[in-house]
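Chemist: Give me a model of this one.
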Amino acid sequence: MGVANLGGHFGTVTTKPVQEYTPGLMESYDATVYIGSTYYGDEIPDAIPEDFYLDTLLSERPVTWVGENIWNMANSVSLQEFAYRYGWDPTSSFYDVDGSVGQITKVNYKGQELTRKIPAGQDPGVLHPHITPGGDNATVTELAQAVDTAGGAEKNSPWAIRSGNLTYVGEIPFTYVSESDRVIAFQDLLFDALAPDTAEQHRAMVRLEDITPLSDTTSLRAIADYLKSKNIAYGINVIPVYSDPKGVQNNGVPRTVRLSQRPALVNTLKYMLSNGAVLMDHGYTHQYGNVDNPYNGLTADDFEFFRAHVDATDTVVYDGPAAEDSAEWAQERVTAALAEFARVSLPTPKLWTTPHYAASATDYKVFAQNFAARMERPLYFSGTLSGTPTDSSRYLGQFFPYPVTDVYGTKVLPENLGSYEPEAHNNNPPRLAADLINNAKANLAVRDGFASFYYHPYQPVEPLKETVEGILALGYTFVSPESLI
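Modeler: You can find the predicted model right below:
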């Protein structure tokens, strides 16, 4: 699903199990990506059709092969033919060297040092391709380098290579990802196969997060005036109804506050909209009923469309969709939110951000029916590609360096840097302005990528200034989120 979502930046994506491949099928598409997530060997028979191997060898269409089973292709088409076409030998290429997969902590790509942080004992390694003399067309180009830092001495080996029509990536780069991770290299490599003539450009976006009816107008105006002084368009993520069902912030007395009860705030929002902001909907109440979900039932603290709890290790655990989750339930909440904006004569938002980025597949489709795009990091559930019932306990959370049309058929705008968080929370370390800027620097490796982050307006203005000016200094140009819909 991760690759299918990224492919949605370039056009229409078709996904299917490799077992369903038929002869000549890849000639009907611009490019093919094979994800070797299941190892075929030993007791597991090879499920890849020989026609897929042969078509890969003979086609001029680009094929990107990620992870396992490339050695089975070499054995199928004959090692001699594979080495002649591609200039390397997968059958003598290994994940371990001298009995160890090493400690690969970095991937170098296009002048950027990308991180690779995999917990001890969890790293399956990166395949080390054995480059061999080949035919006239078998020049092997090293696209990215894996850096093994075990023992303190850096040793480089290919992380991704290309020869002929074949690009090979030595691991599936979707595990333990971060905002500066080696997945960035893969995100850019897709341009070579799908849009090789893409011009280099680097855009940035910022949105202000968790604006509620109780937000401070002075802070909002200070940020608005700063962004206006830099001619920066931005998003404002507004939660139209503040709910405190347990009275956590009101001496134990339940409290609800609507935008219509805060005319000064509404006036400030209109001021922001007239000075470069675009309105975004960030849920209805950004909390769920009168229960802890997972914290205290308070707006902007809790999840709205998904259940969660905090375990004994202070980690947030997703429990799945709400008991009443349905398209009708999600639509009721969206309709109620839009009515609150209309009641105070604010424009109808075109953009949505799911509270805490968590909802069911059903909910995401409802959001798409009401908004032109979402700006977030969605969850993608097992069963989505196969058309079987989704399993909410098995999911991929994904962020993007560019806009995509995802496997739900919905448009998602990037948020790929994170947010300014000066204190650790739920086992997540602090993230300072310097960290956001470093993440933006890593994303320069994506030839038409974004540096997109969000900022809570209750934080001081200075870290926002530092972040914005650091990103500008890297050569990014800030654009309005609405310019992408």
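Chemist: The stretch 201-350 of the chain: strands as residue ranges?
Modeler: Taking DSSP state E, counting those that start in this stretch, the strands of the stretch 201-350 of the chain run over residues 201-211, 234-238, 241-244, 255-258, 277-281, 306-310, 316-321.
Chemist: Need the winner for burial among those.
Modeler: Of all those, strand 234-238 carries the top mean neighbour count, a mean of 26, counting by mean count of other C-beta atoms under 10 Å. Where C-beta positions appear, they are placed from N, C-alpha and C, glycine not excepted.
Chemist: hmm, back to that, include distance to residue 447 and mean pLDDT when you put the strands of the stretch 201-350 of the chain into JSON lines, please.
Modeler: Formatted as JSON lines, these follow (distance: least, C-beta to C-beta, whole Å; pLDDT from 0 to 100):
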{"stretch": "strand 201-211", "distance to residue 447": "8", "mean pLDDT": "99"}
{"stretch": "strand 234-238", "distance to residue 447": "24", "mean pLDDT": "99"}
{"stretch": "strand 241-244", "distance to residue 447": "42", "mean pLDDT": "99"}
{"stretch": "strand 255-258", "distance to residue 447": "45", "mean pLDDT": "99"}
{"stretch": "strand 277-281", "distance to residue 447": "26", "mean pLDDT": "99"}
{"stretch": "strand 306-310", "distance to residue 447": "35", "mean pLDDT": "98"}
{"stretch": "strand 316-321", "distance to residue 447": "34", "mean pLDDT": "97"}
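Chemist: wait, which of these is closest to residue 455?
Modeler: Within the strands of the stretch 201-350 of the chain, the stretch nearest residue 455 is strand 201-211; the backing value is 5.9 Å (C-beta to C-beta).
Chemist: Helices along the stretch 101-250 of the chain, start to end?
Modeler: For the stretch 101-250 of the chain, applying DSSP state H, counting those that start in this stretch gives helices covering 183-194, 217-229.
Chemist: Highest mean neighbour count out of these?
Modeler: Compared across the helices of the stretch 101-250 of the chain, helix 183-194 shows the largest average neighbour count, a mean of 22 (mean count of other C-beta under 10 Å).
Chemist: Tell me where the protein is predicted with low confidence.
Modeler: 133-137 (pLDDT under 70).
Chemist: Can you tell me, leaving aside adjacent residues, what's nearest to the residue nearest the centre of the chain?
Modeler: Centroid check for the chain by C-alpha atoms, centre = their mean gives residue 399 as the closest residue, at 0.9 Å. Distances taken as C-beta to C-beta, 6 or more residues apart in numbering place residue 377 nearest to residue 399, at 4.2 Å, with adjacent residues excluded.
Chemist: State the distance from the one you found to residue 71.
Modeler: According to C-beta to C-beta, to the nearest Å, residue 377 and residue 71 sit 35 Å apart.
Chemist: do the same with residue 376
Modeler: 39 Å.
Chemist: Which one's more surrounded, these two?
Modeler: The residue with more neighbours, out of residue 376 and residue 71, is residue 376; 27 against 19, by other C-beta atoms under 10 Å.
Chemist: Was I right to think that one contacts residue 355?
Modeler: No - applying C-beta atoms under 8 Å, one finds residue 376 not in contact with residue 355, separated by 9.6 Å.
Chemist: quick one, helices of the stretch 301-450 of the chain?
Modeler: 327-343, 361-370, 433-442.
Chemist: Please tabulate those helices in TSV, including the columns mean neighbour count and distance to residue 175.
Modeler: Below are the helices of the stretch 301-450 of the chain laid out as TSV (neighbours: other C-beta atoms under 10 Å; distance: least, C-beta to C-beta, whole Å):
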stretch	mean neighbour count	distance to residue 175
helix 327-343	16	30
helix 361-370	19	22
helix 433-442	21	18
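Chemist: and of the strands of the stretch 201-350 of the chain, who's closest to residue 482?
Modeler: Counting by C-beta to C-beta, residue 482 lies closest to strand 277-281 out of the strands of the stretch 201-350 of the chain; the figure is 4.6 Å.
Chemist: Please put the alpha-carbon coordinates of the closest one into CSV.
Modeler: Output in CSV follows, covering the C-alpha atoms of strand 277-281 (Å, rounded to 0.1, in the frame of the first residue of the first chain):
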residue,chain,number,x,y,z
ALA,A,277,-4.7,32.1,5.7
VAL,A,278,-7.0,29.4,4.3
LEU,A,279,-9.6,27.8,6.6
MET,A,280,-9.3,24.1,7.4
ASP,A,281,-11.6,21.9,9.3
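Chemist: what's that strand in contact with?
Modeler: Strand 277-281 is contacted from outside by 207-208, 224, 227, 233-238, 240, 269, 273, 334, 337-338, 341, 346-347, 349-353, 371, 375, 480-482, using C-beta atoms under 8 Å, 6 or more residues apart in numbering.
Chemist: What of stretch 29-45?
Modeler: Under C-beta under 8 Å, 6+ apart, the answer for stretch 29-45 is 3, 7, 11, 14, 18, 26, 46-48, 52, 56, 61-70, 72, 172, 190, 193-194.
Chemist: can we see that at 7 Å?
Modeler: Stretch 29-45 is contacted from outside by 3, 14, 18, 26, 46-48, 61-69, 72, 172, 193-194, using C-beta atoms under 7 Å, 6 or more residues apart in numbering.
Chemist: which residues touch the residue nearest to the centre of the chain?
Modeler: Residue 399 makes contact with 377, 414, 415, 416 under the criterion C-beta under 7 Å, 6+ apart.
Chemist: do that again at 8 Å, thanks
Modeler: Counting by C-beta under 8 Å, 6+ apart, residue 399 touches 179, 377, 414, 415, 416.
Chemist: same check, this time on residue 348
Modeler: Contacts of residue 348 (C-beta under 8 Å, 6+ apart): 338, 341, 342.
Chemist: Let's see which of the contacts of stretch 29-45 end up in strands.
Modeler: Using DSSP state E, the subset of the contacts of stretch 29-45 located in strands is 63, 64, 65, 66, 67.
Chemist: wait, which of those residues is closest to residue 359?
Modeler: Looking across the ones in strands among the contacts of stretch 29-45 and measuring by C-beta to C-beta, the closest to residue 359 is residue 66, at 28.3 Å.
Chemist: is it true that the closest one touches residue 174?
Modeler: No - checked against C-beta under 8 Å, the pair residue 66 and residue 174 is beyond contact range at 9.3 Å.
Chemist: out of those two, which sits in the more crowded spot?
Modeler: residue 66 (22 against 18).
Chemist: Check the burial of the residue nearest to the more buried one when sequence neighbours are not counted by counting its neighbours.
Modeler: Nearest non-adjacent residue to residue 66, counting by C-beta to C-beta, 6+ apart: residue 169, 4.6 Å away. Neighbour count for residue 169, taken as other C-beta under 10 Å: 26.
Chemist: before we move on, back to that, is it possible to mark the buried ones in the ones in strands among the contacts of stretch 29-45?
Modeler: Among the ones in strands among the contacts of stretch 29-45, those that count as buried by neighbour count (16 or more other C-beta atoms under 10 Å) are 63, 64, 65, 66, 67.
Chemist: Tell me which two of these sit farthest apart.
Modeler: Spanning the widest gap among those are 63 and 67, at 13.5 Å by C-beta to C-beta.
Chemist: Same question for stretch 21-35: list its buried residues.
Modeler: Neighbour counts over stretch 21-35 (16+ other C-beta under 10 Å) mark 21, 25, 26, 31, 32, 33, 34, 35 as buried.
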